[in-house]
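Student: Compute the structure for the input listed below.
(one chain, ligands or ions: 2)
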Amino acid sequence: MAQAAAASAREILTRLHEVMARRLPAQSKLNSVVQTIGEVLNSEVCSIYLLREGVLELYATRGLSQDAVHVTKLALGEGLVGTIAANVETLNLDEAEMHPAFAYRPETGEEAFHSFAGVPIIRRERAVGVLAVQHSDPRRYAEVEIEALQTVAMVLSELIANADLVDSTGAASSRPQPTSASHARGFKLVEGMAAGVAVFHQPRITIEHTVAEDTEAERHRVYAAFDKMREQIDRMASQAEFGVGGEHDEILATYRMFAYDEGWSRRINEAIDSGLTAEAAIERVQQRTRQRMREIDDPLLRDRMHDLEDLANRLLRIVSGQLGTAAQMGLRQDSILIARNMGPAELLEYDRRRLKGVILEEGSLTAHVTIVARAMGVPVLGRVRDVRRLIAEGDMLLLDTAEESLFIRPTPATEEAFSAKLALSQKRRASFARLKGEAPVTVDGHRVTVMVNAGLRDDLAALDLTGADGIGLFRTEFQFLVSATLPQREAQRRLYKDVLDAAGDRPVTFRTVDIGGDKALPYLNHDEDGDEENPAMGWRALRLALDRDGLMKAQARALIEAGAGKTLNIMFPMVSEPWEFDEARALFEAQRAWLVARGKKVPVDIRYGAMLEVPALAEVLDILLPKLDFLSIGTNDLTQFLFAADRAHPRLALRYDWLSPSILRFLKRVADACHAAEVPVGVCGEMGGRPLEAMALIGLGIDRLSITPAAVGPIKAMVRSLQRDALVETVEALLKDGNVPIREALTAWASEHSVELS
Ligand code: PEP
Ligand code: MG
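Tutor: Numbering: from 1, shown residues only. Ligands and ions are numbered 1, 2, ... in the order given. Model prediction:
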């Protein structure tokens, strides 16, 4: 069967190759194509319909009345041809008239024909036309004939695109409801609204050549690509750092199963036998698989289909040599990026002026890619199922993450409503912006310190825009993440100096590099002893920095030089035991002494702090606090360790609440200890940027927050409407009880006390 299909297809393709090579007008080529197919398949009728201005127009026919050419037109979904295009599906009928969608067109003279088979002509996963055959005998076409038609349809799509014969947008979109608007839901990772066109982080390859010049050469290209792909998958499997969160093991097992599936490579080989190029053969097999999968209504299988799509795309990218991400190709204006998941460094490669939003199939609130997006001011919707099935490259999208909502190919009415809401939200943002000159003081007179988290040079503008009190967390590793090689000391010094200059009198707290976990650097060998099973609990942050003290010394020198004549605030991430803080501080002090000995200017004061992210540290605060100038609680890591729940795992993203008694009691204990020791304490995790959570923190007695810049306005508004002393009492009572759902109780309290929770 497969061989027979290949033989028919090969014969047609050989003849089509000649047709395509001739210098003929496109119309003449299409006329020759229908003749050739009709002859080889011994079919009385062969017709090509192409999508022009949203309707399917009969472009060439052998067997139907020539008067119908360019006259017969069908809307998408109308008649058999319209149904094939709308659903991107094949029809094979022995009695065409019996099909419910059949629409009789007298000008064609088709009443003489009983059997009908049609296949979609697909470009970028969408139907741009239909290739149909008809016969006077009431018989179904054989599987081999259908296969041959589908292969020919691929070649036709190349011819049609080159001749610019169809709507450039390829308007007949893919399943299930082609051009129609649709809607998807997700989980808000970064709040915001955005309108833009869909861009795939890993773009699908557009196939330029479908007919092979040399079949053996194509076969070798595919063999080599398979080898390379298998090597990549094996490497991923041996590196636990694959992706950033997600069900790694399960995905990798499926990838390997497909990568080594003999059936898959055999089918690609057969498609090459029929005369297709390597790229066209991979796509041809993928089209067939998509069709089969669509017929099976099983969510589990649909998930597997994603994996296979990923892999087929990877194979196509290897074989075609088009390896880059959309970042390397340059973004169009107003783009919304779509990915299964991505790392923070990958996101940072995009032009932030053009990137308007991100949609992830996975994702979680405190994964670093989310934090980076938040810092970039880019809204992110995570955990959107089936995005790659619902959206095609270039589709118009409207993203409203506050509503956890995504409109795909929106109707004009939806666009209008969206624009109205966007204008309103901009107005609200403007009203927050007006708060920039107002101090965050509670109704009963308590001053709260509201600072911003930053990490990129571009973030510095946020200080003036928000009127924040300073930078409470400067993530120095971001400079390392965006760089292809380890940043030189001088480059580090320049950045730190620019940050301090931009801040002026406002304090800046630099955190020493927190590399490792989901912030792996490609140029740094993270684990010299082998792969890490749990990189978040592995050799990262201060652990790595103390062991590789060359890196830490260079950074210390850069910071001290940059801070000359000023007060420098330094904090160390992931301190797990007090001696680690001692060592880190000693390293800095040695660098200061070294610089002083050489007559260099140094800061007037260096204040040292620790981040509390590892729960064990809370048990030794009596030893640690006397050593500190300040303590900053990193609730992102702290809560992942308290709950033993990976902060990047999409399934755990909603499972535990920051407003649970366990977290709040823990934080209260730490805050009380700091107050007793007179050590300033603040929170710099994402928790502090959410109005209700920030309110709870203030209720625990924590009055220093360092948050994402976009949250400053809403947090100031909340603080300025708050009765702090009454809240402290309420929180204390709630924590004592422990049985009351705290989120609900605090929401009700806020509403009763007119607290502004935007
Ligand atoms: C934290 O863990 O809360 C924190 C602020 O650090 P990061 O998110 O960079 O790990
Ligand atoms: Mg952390």
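Student: Which strands or helices does the helix or strand hosting R665 pack on?
Tutor: Using DSSP states H and E, R665 sits in helix 661-677. With contacts taken as 3 or more C-beta pairs under 8 Å, 6 or more residues apart in numbering; DSSP states H and E, helix 661-677 sits against helix 621-624, strand 630-633, helix 635-642, strand 681-683, helix 724-737. In this view, the C-beta of every residue, glycine as well, is placed from N, C-alpha and C.
Student: Mind doing that once more with 7 Å?
Tutor: Helix 661-677 sits against strand 630-633, helix 635-642, strand 681-683, helix 724-737, with contacts defined as 3 or more C-beta pairs under 7 Å, 6 or more residues apart in numbering; DSSP states H and E.
Student: need those in JSON lines with mean pLDDT, can you?
Tutor: What follows is the helices and strands packed on helix 661-677, written out as JSON lines (pLDDT from 0 to 100):
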{"stretch": "strand 630-633", "mean pLDDT": "98"}
{"stretch": "helix 635-642", "mean pLDDT": "95"}
{"stretch": "strand 681-683", "mean pLDDT": "98"}
{"stretch": "helix 724-737", "mean pLDDT": "96"}
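Student: Would you check how far apart A503 and I560 are?
Tutor: Using C-beta to C-beta, to the nearest Å, A503 is found at 17 Å from I560.
Student: just V604 next, same as before
Tutor: Distance, V604 to I560, by C-beta to C-beta: 12 Å.
Student: higher neighbour count, those two?
Tutor: Between V604 and I560, I560 has the larger neighbour count (other C-beta atoms under 10 Å), namely 25 against 11.
Student: what's stretch 453-465 in contact with?
Tutor: Stretch 453-465 has contacts (C-beta atoms under 7 Å, 6 or more residues apart in numbering) with 375, 433, 436, 452, 471-475, 478, 495, 498-499, 502-503, 506, 684, 706-709.
Student: Return the members of the residues you listed classed as buried.
Tutor: Among these, the ones that count as buried by 16 or more other C-beta atoms under 10 Å are 375, 452, 471-475, 478, 495, 499, 502-503, 506, 684, 706-709.
Student: which neighbours does the strand or helix carrying C46 have in its sheet, and in what orientation?
Tutor: Assigned by DSSP H and E, C46 belongs to strand 45-52. Here strand 45-52 has these sheet partners by DSSP bridges: strand 55-62 (antiparallel), strand 126-135 (antiparallel).
Student: So which of the contacts of stretch 453-465 sit within strands?
Tutor: Counted as lying in strands by DSSP state E, out of those, are 452, 471-475, 706-707.
Student: Quick check: pLDDT value at the residue of the chain positioned farthest from its centre.
Tutor: What lies farthest from the middle of the chain is A112; by C-alpha atoms, centre = their mean that is 53.1 Å. Listed pLDDT for A112 reads 83.
Student: these two touch, right, it and H135?
Tutor: No - applying C-beta atoms under 7 Å as the test, A112 and H135 come out as separate, 9.9 Å apart.
Student: List the residues that contact F113.
Tutor: Each residue near F113 by C-beta under 7 Å, 6+ apart is listed here: 44-45, 134-136.
Student: cutoff 8 Å now
Tutor: Neighbour list for F113: 44-45, 63, 96, 134-136 [criterion: C-beta atoms under 8 Å, 6 or more residues apart in numbering].
Student: Equivalent analysis for R655, please.
Tutor: A645.
Student: isn't there a strand covering it?
Tutor: No - if the criterion is DSSP: H, G, I helix; E, B strand; the rest coil, then R655 is coil and not within a strand.
Student: quick one: buried residues of whichever strand or helix holds R292?
Tutor: Using DSSP H and E, R292 sits in helix 278-295. Of the residues in helix 278-295, 278-291, 293-294 count as buried by neighbour count, 16+ other C-beta under 10 Å.
Student: G79 - nearest residue in space that isn't next to it in sequence?
Tutor: The spatial neighbour of G79 that comes closest, neighbours along the chain excluded (C-beta to C-beta, 6 or more residues apart in numbering), is A103 at 3.5 Å.
Student: what sits against the closest residue to T466 other than its chain neighbours?
Tutor: Nearest non-adjacent residue to T466, counting by C-beta to C-beta, 6+ apart: V712, 3.9 Å away. Contacts for V712 (C-beta under 8 Å, 6+ apart) come out as 432, 436, 450, 452, 462, 466-468.
Student: change it to 6 Å
Tutor: Contact analysis of V712 by C-beta atoms under 6 Å, 6 or more residues apart in numbering lists 450, 466, 468.
Student: Check whether the first one sits in a helix, strand or coil.
Tutor: Here V450 is recorded as strand under three-state DSSP.
Student: so how far is T466 from the nearest residue to A618 once chain neighbours are set aside?
Tutor: Of all residues not flanking A618 in the chain, V670 sits nearest, at 5.5 Å (C-beta to C-beta, 6+ apart). Look at V670 and T466: by C-beta to C-beta, they are 27 Å apart.
Student: and this protein, which of its residues are near ligand 2?
Tutor: 613, 634, 637 (C-beta under 5 Å from the ion).
Student: The second one: neighbour count?
Tutor: The number of residues packed around G634, counting by other C-beta under 10 Å, is 26.
Student: That one against G685, yeah?
Tutor: Yes - between G634 and G685 there is a contact at 5.2 Å, judged by C-beta atoms under 6 Å.
Student: what's in contact with the helix or strand that I121 is a member of?
Tutor: Under the criterion DSSP H and E, the helix or strand holding I121 is strand 115-123. Under the contact criterion C-beta under 6 Å, 6+ apart, strand 115-123 has outside partners 84-85, 88, 90-94, 96, 127-135, 138-139, 141, 149-150, 153, 156-157, 161, 170.
Student: Check the offset of it from the chain's centre.
Tutor: 34 Å (C-alpha atoms, centre = their mean, to the nearest Å).
Student: Name every strand pairing with that strand and say which way it goes.
Tutor: strand 91-93 (antiparallel), strand 126-135 (antiparallel).
Student: Just put those in a markdown table and tack on mean neighbour count, distance to L642 and mean pLDDT.
Tutor: Shown next, in a markdown table, are the strands paired with strand 115-123 (neighbours: other C-beta atoms under 10 Å; distance: least, C-beta to C-beta, whole Å; pLDDT from 0 to 100):
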| stretch | mean neighbour count | distance to L642 | mean pLDDT |
| --- | --- | --- | --- |
| strand 91-93 | 19 | 58 | 94 |
| strand 126-135 | 26 | 48 | 91 |
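Student: Would you mind putting the ones you listed into CSV with distance to E309 alongside?
Tutor: Converted to CSV, these look like this (distance: least, C-beta to C-beta, whole Å):
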stretch, distance to E309
strand 91-93, 24
strand 126-135, 15
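Student: Of those, which is nearest ligand 1?
Tutor: Ranking the strands paired with strand 115-123 by proximity to ligand 1 (C-beta to the nearest ligand atom) places strand 126-135 first, at 40.7 Å.
Student: Which residue ranges of the stretch 101-250 of the chain form strands?
Tutor: For the stretch 101-250 of the chain, the strands defined by DSSP state E, counting those that start in this stretch occupy 115-123, 126-135, 182-185, 187-190, 193-200.
Student: and of these, who's closest to ligand 1?
Tutor: Among the strands of the stretch 101-250 of the chain, strand 187-190 comes nearest to ligand 1, with 13.8 Å by C-beta to the nearest ligand atom.
Student: what pLDDT does whatever residue of the stretch 51-200 of the chain ends up closest to ligand 2 get?
Tutor: Nearest residue of the stretch 51-200 of the chain to ligand 2 (C-beta to the ion) works out as L189 at 17.2 Å. pLDDT for L189: 92.
Student: Tell me, how many residues neighbour it?
Tutor: The burial count for L189: 26, using other C-beta under 10 Å.
Student: so where's this structure shaky on pLDDT?
Tutor: The model of the chain has pLDDT under 70 over residues 1-6, 164-179, 236-252, 294-307, 484, 518, 522-523, 525-531.
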